[in-house]
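In: need coordinates for the below:
(6 chains, ligands or ions: 3)
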Amino acid sequence: MKRLTIFVAGGLVLAATPALAQEAADPNVEVAYILNTLLFLIGGFLVMWMAAGFAMLEAGLVRSKNVAMQLTKNVALFSLAAIMFYAIGYNIMYPSDGEWLVQDYIGSPFPKSIDDVGSADVSGGYSAGSDFFFQLMFCATTASIVSGTLAERIKLWPFLIFVAILTGIIYPIEASWEWGTGWLDDMGFSDFAGSTLVHAAGGWAALAGAIVLGARKGKYDEKGGVNPMPGSNLALATLGTFILWLGWFGFNGGSQLAMGTANDVADVSRIFVNTNVAAASGAIAALILTQLLYGKVDLTMVLNGALAGLVSITAEPLAPTQLLAIIIGSIGGVIVVFTVPLLDKMKIDDVVGAIPVHLFAGIWGTLAVAISAPEVLVAQIVGILAIGAFVFISSLIVWFILANSVGIRATEEEEQVGMDSAELGLEAYPEFGKGSQFV
Amino acid sequence: MKRLTIFVAGGLVLAATPALAQEAADPNVEVAYILNTLLFLIGGFLVMWMAAGFAMLEAGLVRSKNVAMQLTKNVALFSLAAIMFYAIGYNIMYPSDGEWLVQDYIGSPFPKSIDDVGSADVSGGYSAGSDFFFQLMFCATTASIVSGTLAERIKLWPFLIFVAILTGIIYPIEASWEWGTGWLDDMGFSDFAGSTLVHAAGGWAALAGAIVLGARKGKYDEKGGVNPMPGSNLALATLGTFILWLGWFGFNGGSQLAMGTANDVADVSRIFVNTNVAAASGAIAALILTQLLYGKVDLTMVLNGALAGLVSITAEPLAPTQLLAIIIGSIGGVIVVFTVPLLDKMKIDDVVGAIPVHLFAGIWGTLAVAISAPEVLVAQIVGILAIGAFVFISSLIVWFILANSVGIRATEEEEQVGMDSAELGLEAYPEFGKGSQFV
Amino acid sequence: MKRLTIFVAGGLVLAATPALAQEAADPNVEVAYILNTLLFLIGGFLVMWMAAGFAMLEAGLVRSKNVAMQLTKNVALFSLAAIMFYAIGYNIMYPSDGEWLVQDYIGSPFPKSIDDVGSADVSGGYSAGSDFFFQLMFCATTASIVSGTLAERIKLWPFLIFVAILTGIIYPIEASWEWGTGWLDDMGFSDFAGSTLVHAAGGWAALAGAIVLGARKGKYDEKGGVNPMPGSNLALATLGTFILWLGWFGFNGGSQLAMGTANDVADVSRIFVNTNVAAASGAIAALILTQLLYGKVDLTMVLNGALAGLVSITAEPLAPTQLLAIIIGSIGGVIVVFTVPLLDKMKIDDVVGAIPVHLFAGIWGTLAVAISAPEVLVAQIVGILAIGAFVFISSLIVWFILANSVGIRATEEEEQVGMDSAELGLEAYPEFGKGSQFV
Amino acid sequence: MKLIIAVIKPFKLEEVREALTGIGVQGLMVSEVKGYGRQSGHTEIYRGAEYVVNFVPKIKIEMVVADDRVDQVIETISTTARTGKIGDGKIFVAGVEQAVRVRTDERDEDAL
Amino acid sequence: MKLIIAVIKPFKLEEVREALTGIGVQGLMVSEVKGYGRQSGHTEIYRGAEYVVNFVPKIKIEMVVADDRVDQVIETISTTARTGKIGDGKIFVAGVEQAVRVRTDERDEDAL
Amino acid sequence: MKLIIAVIKPFKLEEVREALTGIGVQGLMVSEVKGYGRQSGHTEIYRGAEYVVNFVPKIKIEMVVADDRVDQVIETISTTARTGKIGDGKIFVAGVEQAVRVRTDERDEDAL
Ligand SMILES: Nc1ncnc2c1ncn2[C@@H]1O[C@H](COP(=O)(O)OP(=O)(O)O)[C@@H](O)[C@H]1O
Ligand SMILES: Nc1ncnc2c1ncn2[C@@H]1O[C@H](COP(=O)(O)OP(=O)(O)O)[C@@H](O)[C@H]1O
Ligand SMILES: Nc1ncnc2c1ncn2[C@@H]1O[C@H](COP(=O)(O)OP(=O)(O)O)[C@@H](O)[C@H]1O
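Out: Ligands and ions are numbered 1, 2, ... in the order given. Presented below is the predicted three-dimensional model:
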């Protein structure tokens, strides 16, 4: 896979340099090592920031009686991901040769250690710790996607159990197929920063959960009517979207994986430009489309549109020209506007629109790679299907087991009073209006 | 102009290095290229973050019935700027030789392409894509300034049409006079990071809009009384201010345009220090002054004061000592405290105080350059007047045409129920109090 | 002290290079200079961002009638710190040889100048301006800690007077003992990024203030009952926590103080990883513990837990393995859950839990250094006691003088109507519910 | 005419409103109140401190109806709002002497 | 004494209050309510789903006045609050038996 | 039965509630109102502009009690809520004809 070969190549070249690295090292190799590592660190903290973005976006789109719970879930899932990915996930995702349990399909789980203090291996091209840090954030993102869809009705602990399994096992396995140089990578599948590996995967897990969990009480009535349950704080939702937009420069830009050469940093620049304009055009597409369809702009759709634009460009943010990036992003925005109501028709209750944004736009983005590289089309389809099937089915099984053991759904009364009072015994906004409880 | 000459100089030096760049390139030239580009990328994402800052600041300072609209405008204007600046703005602003329509006054509009994948031109000194990314953010900032002033009464679409013209044509033209090495640059005008080119320009466009649009109903009564319409969420307004403060390090620091030498990075450090202390002293000045004038501190003025401090130091954040930066910033804070009520006396309704902060402090900052470099005084005055006249008059014309064609003002009833319900059919805080609608 | 010796060492080595720096300079020395400086700049703006984190955390945890005041205090204290640290603090903290008033105990106060424009001294290893910028942010952080504890009842101006003394004198003196290569450094005390120097110090100052100030009216009743006064906006509190989490990468990572070698950047990576996982495990520990103790999760404790994890790892974020970092962080989370109610039992009213998070976890973190380096145990204890005694007693004296001169406490009625209406004459959320005023 | 004041559990509002529309009630006013009553008094824990929750969120419905509608309205509200659990709420009836429709200046029964 | 309850459109509050002060009304209480009536029932679209808006934000004004003031107060409110458009609101009058000014313990008319 | 409406200063609520519970009042409703009265009219400054604050936040307590409790309740509220400063509030009493406890369908005095 493009990303890794860069590496391996790099690795080979560098292999020339003596073992006990930096002292003797060719100064430029060391500078490249520093700059590559720096890219991971900056990219990593920007993607970490996306965790706050998801938290704000979701807190803004749920009703106030469920805000504290949504915040709790977001803090907890990010924390849990950090621990699970360290404990088993990272090594399942990046098995060294001989560390596969099932060659190219399943890596072996155990904590992988990073460089010891003060002993960088310059021949690696970048610091192992910075790579771990960067990759962890992608794992956490996958989990963040799930929490939004299932908001306002799922119990805290069963949700967290699922998160542990998703971040410790499901995500690392499917991601290893491509980024761990597994079978999809061999096959030529291309997913630069994770339209499928991260976003569609999160979307599939969310979809499985939504099906097992069912819709919020009162969301859909017998006669097929849909009762909107407006988000309680669109300022937060907008803030969350801007945070995600910012974090995405780290998400896509960092996925260049190297900044030690002029070409790499120029490519990172190109990625920044394409990522930004894809988000912008996704937002504009939703802006115009909601005006045309509904006679007025829907801010929540515009926010989803920007995110869909970002997801769409994530599979290939480098190759497209700005014009192509605009087209890819706009189509992402269009997808959201049409599929949000579609899900409602299917009575699949996705509170924040995560499935249209991450799953549907993720699939589109993965296919769109073929616009720049037609030869990969088949591999793209195989990858979309294989990862979709694996994540969806395994998630479905986990959700099903949880539903039939501990149970995943809050009682009707808990749902009525809200998860905050029911499960946390507090309120996010104790002094503000209680509109959510009646209108 | 200082910035550009650095470049040109750099360019010349580098010109020595062979065409097919990095392979053969002198390692330090390549490292400098990477570091210069990195400064643009970091600076760029920090300035992009300012778009969120404006959104939060404005959302916090409008009444809750207009919050969703204000958020919509901010997301939309940033997105629109990205597309317009790509489509025509960037090339109007940075015409290569022979690309001027009117030499040194108006560049020719067409999309400019950035480096192809994996083919950096090291002799450029930095990646074209990173420069585009960085410059785009300044263009978007100019538009962000306008939305705040005109809040709570302007219709969405006419506003967006103006934004398209401002970011695609008006800003690029006036900015080209200086940063595109046009006539003002030749003349010796100095505006390091855009006190005039960005902030005052945005302020002039806002002022023109406020005049054509008129004040909010009920803001000013016959007997010259002013009815404050307090912002709905000062926590958001404060968050927005902190975001802008953070982003400003990218705004001013990135405008050093180079980080490839020890001197450049030391200068960037100096800029960070001065930028921070100017903001701090602007805030403190407003804090003390509101206490003295009104017998109590006004948080909204303190926030405006910090921003005015930032705008004031933006024209020359490098040359001043910290002490001078403190003086320049404090005066910015003082200007705000005195000019906010002044505008009210003139019945110019600036909802968030953008005109005092960006226009008045911007002019002050531009003049203050002469404290460090007296020889530029005349050029500064010419620049302030020329850009002021051009942006104000062209904006006035555009607003006037819009007002007399599609119309720019919401109806009285729409204004009463709020732009959110009227134009978007939703509310930003559906469950919280509705105080805005009566008290 | 480890940090400084690196330096001095570095300095010596570099001393070899000719005086009139970069032209002649060994390219790698210059590149190292740039990268070291860059680390300070990135670290610095990330820590500056923490000021926004504290503002949001505190604004979210106070009742709405005190939100605007809390925001005002946070903006003002950060601004004041910038000016005081420049005017006297920085030089008191980092006296050059011969600049000590009392050798190794008290430096002499006067503004220290940073590099002139375009004249970097490469032999310094990093730009003086970037160091000033980075160190300033630590000083401001110390003050931010205090504002949360004393919220909802302390008057604005006396609080700001204390902040000026804390940031200008108290913090710089105690910090000079270690980071200014004073007596604690000579003694072998080790505090990598400031568990004691910054966090515990802030906590001690807050504790002194809380004692002199007394609890909020109605917080504790005669019969030893505790009346919770729930925070008004947990979404803001969570946002603040995420901001702090992000900023902490700059706080701890930047404290490596160098990025010019592969080893340094690999260490920074290791610090990022440990910092993140310590925060995560602090949050998880609080999550599990509140569930076990109270039968339900308390979001505010989870947020405090994450911060306590961060404070705990701050004294030594480099040496521990991830597993050890997890243990250190979790214990931080446990400490918070047990000490928050403990303070209430002692009728010490800490509105946001800053004392458990910064003081108690800070002490723990400082002791935990001995896990990696047993030999420092004694020095750690001496450092904790010495700095604790100095900061607590000097703060107590200042608070006492203020209380008995200008007075520090709002009147009962001001407290009842809230600091916002009473001292600022405005409201943070004028349109939302007024629940705070009755339930 | 009578003013009927009903305090009910928030989540019952939609049902009650529909039921009232069903029997031809043409207008009403809804507001949020904090209720104190037998249901009050459960304890919560916040940051480790236990405290008693005295006030429970309730919805107050006010409507003015013609005298002959009163019993039916009471009947409708109390059956729809009833869950049998403590805290279901109360219905009160008071006399109203005049009513005016602002738009048309219609009076009394015509104004309802 | 009578308790006058007026439901009006929010943006009319300031005008009505001024008019009432003008005729010497010395005190009143204002609260936010959600109104249901003829005006209700328009539809909105949120994220592509249509729904009916049943409740409209209204302002409720309550004041106790001496019997002889009632007609004038009604007159004043209804003329000031009238826009002629549906949803202008209602005015109701009920009897009040006692009034107390807490500060002074004055009673009845003196307490108003 | 009587409906007692009391408008008090917000910070007095907890005291008043306790006092009422003390004398055996079993239930009541609390809501936020904006009050206009003699206390109104102080000026504030926002962004340099002076303006008059007409509405003061108040708490409205409503409770229905048996006729023979009325005087005691009034007494309790007015003594507890009194600070002697302007704006202490008012207490009004109106007649109630019926009361129903939704949960049990108990009527009148039994329903309180
Ligand atoms: N005497 C009263 N006057 C006014 N409101 C009352 C009275 N008694 C109860 N309420 C209201 O009715 C609600 C339910 O009453 P409560 O005693 O809790 O349960 P139940 O009605 O099932 O006995 C209370 O929350 C309060 O708002
Ligand atoms: N019978 C009623 N009892 C109490 N409030 C009413 C009643 N009828 C109407 N209202 C209030 O008056 C408001 C306006 O009434 P509506 O029927 O919408 O318009 P109009 O008064 O112009 O006919 C409603 O929103 C509701 O709050
Ligand atoms: N006639 C009235 N009807 C209804 N509420 C009233 C009336 N007069 C006063 N109030 C309420 O009582 C509150 C206190 O009254 P005010 O005149 O300010 O002080 P005081 O009661 O001490 O004279 C007012 O804010 C208002 O809410």
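In: tell me the pLDDT of residue A:342.
Out: The confidence metric pLDDT takes the value 97 at residue A:342.
In: quick one: mean pLDDT over the helix of greatest length in chain A.
Out: Secondary structure assigned by DSSP state H gives helix A:27-61 as the longest helix of chain A. Throughout helix A:27-61, pLDDT has a mean value of 97.
In: so where's the stretch 1-150 of chain A shaky on pLDDT?
Out: Applying pLDDT under 70 to the stretch 1-150 of chain A flags residues A:1-25.
In: please report how far the residue in it that chain E sits nearest to lies from residue A:230.
Out: Closest residue of the stretch 1-150 of chain A to chain E, C-beta to the nearest C-beta: residue A:61 (9.6 Å). From N, CA and C alone the C-beta is placed, and that goes for glycine too. Note on residue A:61: its distance to residue A:230, by C-beta to C-beta, to the nearest Å, is 9 Å.
In: and residue A:88, by the same measure?
Out: 40 Å.
In: what does residue A:218 give?
Out: Where residue A:230 is concerned, residue A:218 sits at a distance of 13 Å (C-beta to C-beta).
In: list the buried residues for the longest helix anywhere in chain D?
Out: As assigned by DSSP H, the longest helix anywhere in chain D is helix D:70-81. Neighbour-count burial for helix D:70-81 flags D:70, D:73, D:74, D:76, D:77, D:78, D:80, D:81 (criterion: 16 or more other C-beta atoms under 10 Å in any protein chain shown).
In: got it, and stretch A:102-122?
Out: Buried, per 16+ other C-beta under 10 Å, within stretch A:102-122: A:104, A:105, A:106, A:107, A:109, A:112, A:114, A:115, A:120, A:121, A:122.
In: how about the helices in chain D?
Out: D:13-22, D:70-81.
In: rewinding a little: pull the contacting residues for the residue of the stretch 1-150 of chain A closest to chain E.
Out: A:148, A:151, A:231, A:237, A:300, A:351, A:352, A:353 (C-beta atoms under 8 Å, 6 or more residues apart in numbering or on different chains).
In: give me the subset of the residues you listed lying in strands.
Out: Per DSSP state E, strands hold no members of the contacts of residue A:61.
In: export those to JSON lines and tack on neighbour count and distance to residue B:320?
Out: Below are these laid out as JSON lines (neighbours: other C-beta atoms under 10 Å in any protein chain shown; distance: C-beta to C-beta, whole Å):
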{"residue": "A:148", "neighbour count": "28", "distance to residue B:320": "47"}
{"residue": "A:151", "neighbour count": "26", "distance to residue B:320": "50"}
{"residue": "A:231", "neighbour count": "30", "distance to residue B:320": "46"}
{"residue": "A:237", "neighbour count": "25", "distance to residue B:320": "40"}
{"residue": "A:300", "neighbour count": "28", "distance to residue B:320": "45"}
{"residue": "A:351", "neighbour count": "25", "distance to residue B:320": "51"}
{"residue": "A:352", "neighbour count": "30", "distance to residue B:320": "47"}
{"residue": "A:353", "neighbour count": "25", "distance to residue B:320": "48"}
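In: tell me the one of those residues nearest residue E:94?
Out: residue A:231 (39.7 Å; C-beta to C-beta).
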